[in-house]
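Colleague: Next one to model:
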Amino acid sequence: MKGFSTELKVGLFAVIVIVILSFMTLKVGGFEWLRKKEGYTVYVYFRNIAGLDEKTKVKVAGVDSGLIKQIGLEKDTAKVELRVDRDVRLFSDSSASIKAAGLLGDKYLEIKPGHTPPMLNNGDTISNVIEIVDLDDMIRNITNVSANFNTLATSLVESIGTKEAKTALRESIINLRTITQNLNEAISVNDEKLRIVLDNIKTLSVSLNGLIDQNREPLATTIANMRDFSGSLKSDAPELIKNLNMAAKELKSMVEENKPAITNTVESVRAMVEENRPAIRNATKSIDSITQRIERGEGSLGKLVKDDRLYESVNKAAEGVEKTISAIDRFRTFITFQADYLSRPKDSKGSFTVTLQPRPDKYYIVGIVQDPVGRITTRETITTGTSGTTRIKEERIDKKIEFNAQFAKRFSDIAMRIGMTENTFGVGSDYFFLKDKGKIYGDAWDFSNDEEGAKNPHVKFGVDYFLFKNIFMSAGVDNILNRKQRGGYAGVGLRFEDEDFKYLFGSMPKISSR
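Modeller: Residues are numbered from 1 along each chain as shown. I've put the predicted structure just below:
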């Protein structure tokens, strides 16, 4: 088989080169004539398209997303018709701008799709356009700025170019340096004082903020009251002025009518004073004489005034009254009504308590309790017969009103209680939190196990929380050590301070301990 001839080889090589060049040309051109042109049309208006041509690519986030179909002139702006790919969604806040692929690259149209509905449809217009900066205008502006700088430099040279101006500028710089040094020295010397002043200002501002926060509601109420008062005063001002004018006129007319009588009265008083002048002078001399005798300590009244023992007695009496009033003022009385429901024995329990508090850290608790759990009392009956002596023990459960009487001592947020709890010896402890809005407490009593079904002392733990100023909720666990009676409880209570009780105890006569 003969090989290919030289002519055939050259022809095949030329055909291959032509095919490769055609493919590269179509690849660079994007094969637009081969693609099915699907998409929708939108319009953009520019004052200057700056080298855009038809068939220029449209890009979204740097990705080819369409091309420019047609460019025309509408009035004094360029109307650009775009074909955007169907899968590209443009919104009402989308924007268009002209970009360059590099310093010397081709121009293309960049679109930012936006996010605000509604979406743009076929035939809509992109309203947000970022115009390209014209190079000639930019050079012209730079030239104007350069000319202004030249003018400014010339003016500065003319202002400070003379010998006098240079001397004045040098002296100003020296003075400024001296002032700066003096300021540095003053700040260094008074650094601690300035720090103390700043700390005081900071503390004052914090205190003012706290005061304003604490009294925000009263201040707002006061301002509202003043606004209401000023509004009512403004609305009633015409009538008020009218009434004042009428009262002034009536007063003036009354004075005019009674002017002769007033004149006669004044003349009569003057004549009476002239007539009794010697008697008045003698009375004045007598008063002066009595005053001098009192100052010398003569007579009973003078001794009372001059005697220091009287002053000490009065002072001691005043101190005693002050202490009594202070004690009365400190004495507080609280009355509490509480009702609880016990899960065991599935019954309610009520109590009434009076708390007498002579001091903040000491108080007495007295109350009555209606307890559904009764107490067991044993009665032994002895009978003697022919068969011998018989002893019969009879147990009886008594349910009756029980009493509480305890003494409490408070240490900060913790209080200890001791005394009588439900007719037996008992102890307890309280922990207060949230400025006495809540209380966690525990109590133990009935150490002789006299309650119904009790084998161990009665121990109770619970929590009280004030929902409002006088109303609180209570919940906890009751009779923890006795399995048959152990259960939870929940209740509500009413607690208020009785001012009438305070003044009742304050009015009682005080018995001296001496």
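Colleague: What strand or helix carries residue 492?
Modeller: Using DSSP states H and E, residue 492 falls within strand 487-497.
Colleague: For that strand, which residues meet the burial criterion?
Modeller: Of the residues in strand 487-497, 489, 491, 493, 495 count as buried by neighbour count, 16 or more other Cβ atoms under 10 Å. (Glycine included, C-beta is placed from N, CA and C.)
Colleague: residues contacting the last one?
Modeller: The contact partners of residue 495, taken as Cβ atoms under 8 Å, 6 or more residues apart in numbering, are 334-337, 466, 470, 472.
Colleague: Could you list everything it pairs with in the sheet?
Modeller: Assessed by DSSP bridges, residue 495 has beta-bridge partners residue 336.
Colleague: Tell me which helix or strand the closest residue to residue 497 other than its chain neighbours sits in.
Modeller: The shortest distance from residue 497 to any non-neighbouring residue, by Cβ to Cβ, 6 or more residues apart in numbering, is to residue 334 (5.4 Å). Taking DSSP H and E as the definition, residue 334 sits inside strand 332-342.
Colleague: got a list of contacts for that strand?
Modeller: The contact list for strand 332-342, computed with Cβ under 8 Å, 6+ apart, reads 347-357, 367, 372, 474, 478, 487, 489-498, 501-502, 505.
Colleague: Recalculate using a threshold of 7 Å.
Modeller: For strand 332-342, the external contacting residues (Cβ atoms under 7 Å, 6 or more residues apart in numbering) are 348-357, 372, 474, 478, 487, 489-498, 501-502.
Colleague: and it with strand 487-497, angle?
Modeller: Strand 332-342 runs at 160 degrees relative to strand 487-497, counting by axes from the mean of the first three to the mean of the last three Cα atoms, to 10 degrees.
Colleague: Toward the C-terminus, what is the element adjacent to strand 332-342?
Modeller: Following strand 332-342 toward the C-terminus (DSSP H and E): strand 347-359.
Colleague: Give the other helices and strands that that following strand contacts.
Modeller: With contacts taken as 3 or more Cβ pairs under 7 Å, 6 or more residues apart in numbering; DSSP states H and E, strand 347-359 sits against strand 332-342, strand 362-370.
Colleague: Out of the ones you listed, which is closest to residue 119?
Modeller: When the helices and strands packed on strand 347-359 are compared by Cβ to Cβ, strand 332-342 sits nearest residue 119, at 64.6 Å.
Colleague: between that closest one and strand 347-359, how many degrees?
Modeller: If you take the same axes, to 10 degrees, strand 332-342 sits at 160 degrees to strand 347-359.
Colleague: average pLDDT for strand 332-342?
Modeller: Averaging pLDDT along strand 332-342 yields 89.
Colleague: Check for me that residue 213 belongs to a strand.
Modeller: No - counting by DSSP: H, G, I helix; E, B strand; the rest coil, residue 213 is not part of a strand but helix.
Colleague: Find me the pLDDT at it, would you?
Modeller: Note on residue 213: pLDDT of 80.
Colleague: buried stuff in the helix or strand hosting residue 289?
Modeller: In this assignment (DSSP H and E), residue 289 forms part of helix 277-295. The neighbour-count check on helix 277-295 (16+ other Cβ under 10 Å) flags residue 294 as buried.
Colleague: I'd like the distance from it to the chain centre, please.
Modeller: 69 Å (Cα atoms, centre = their mean, to the nearest Å).
Colleague: now do stretch 424-442
Modeller: Relative to its parent chain, stretch 424-442 has a centroid offset of 30 Å by Cα atoms, centre = their mean.
Colleague: So what would you say the end-to-end distance of that stretch is?
Modeller: Counting by Cα to Cα, to the nearest Å, you get 16 Å between the two ends of stretch 424-442.
Colleague: Identify the residues contacting it?
Modeller: So stretch 424-442 is in contact with 413-420, 443-448, 450, 460-466, going by Cβ under 7 Å, 6+ apart.
Colleague: Quick one, which of these are buried?
Modeller: Using 16+ other Cβ under 10 Å as the burial test, the contacts of stretch 424-442 include 415, 417, 419-420, 443-446, 450, 460, 462, 464, 466 as buried.
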